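In: Okay, sequence plus prediction incoming.
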Amino acid sequence: MVNLATLLGIAMDKANKDKRVFPRIDTECPVLYSVGSSKKWQVAILSNMSATGLLMQTKEQLSDDVAISVMTKPGTNRLVPQILGKGVVTRCVKKGEEHFDVSCKLHEVKAQK
């Protein structure tokens, strides 16, 4: 298992401005997610991430405290590492008619090749 902080390369300009232990990286790329014990992957858009969590936009409402698996698909976006992570939904807020902002706390992260 690889530490996500290492993967993200914390030495960024924003790191100096962010008061969090692990700064957020604002970005936009696809992320796949599955909820609970489901084997079905859904597509969302990653909004930002840090070493311990992420914010993504989904088309469905997710319950707080539900287990979640995520897989980033950065493509040519070099700011985002390709990872497989497991964690829990900490917050889900409806944004407009089209999507929900879903915050997740990650407790397990593996680098993908």
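Out: Good, I have the coordinates. Numbers count the residues shown, from 1 in each chain.

In: State the distance from the residue positioned nearest the centre of the chain to D65.
Out: Residue closest to the average C-alpha location in the chain (Cα atoms, centre = their mean): L54, at 3.2 Å. Note on L54: its distance to D65, by Cβ to Cβ, to the nearest Å, is 16 Å. For every residue, glycine as well, the C-beta is placed using N, CA and C.

In: for T58, what are its contacts?
Out: Going by Cβ atoms under 8 Å, 6 or more residues apart in numbering, T58 touches 33, 42, 44, 92, 99-100, 102.

In: These in strands, which ones?
Out: 33, 42, 44, 92, 99-100, 102 (DSSP state E).

In: re earlier: is it fair to say the residue nearest to the centre of the chain lies in a strand?
Out: Yes. Under DSSP: H, G, I helix; E, B strand; the rest coil, L54 sits within a strand.

In: thinking again about what came up before, reformat the contacts of T58 as CSV; add pLDDT and distance to I25.
Out: Shown next, in CSV, are those (pLDDT from 0 to 100; distance: Cβ to Cβ, whole Å):
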residue, pLDDT, distance to I25
Y33, 98, 18
Q42, 97, 22
A44, 97, 16
C92, 97, 21
H99, 94, 20
F100, 98, 21
V102, 98, 17
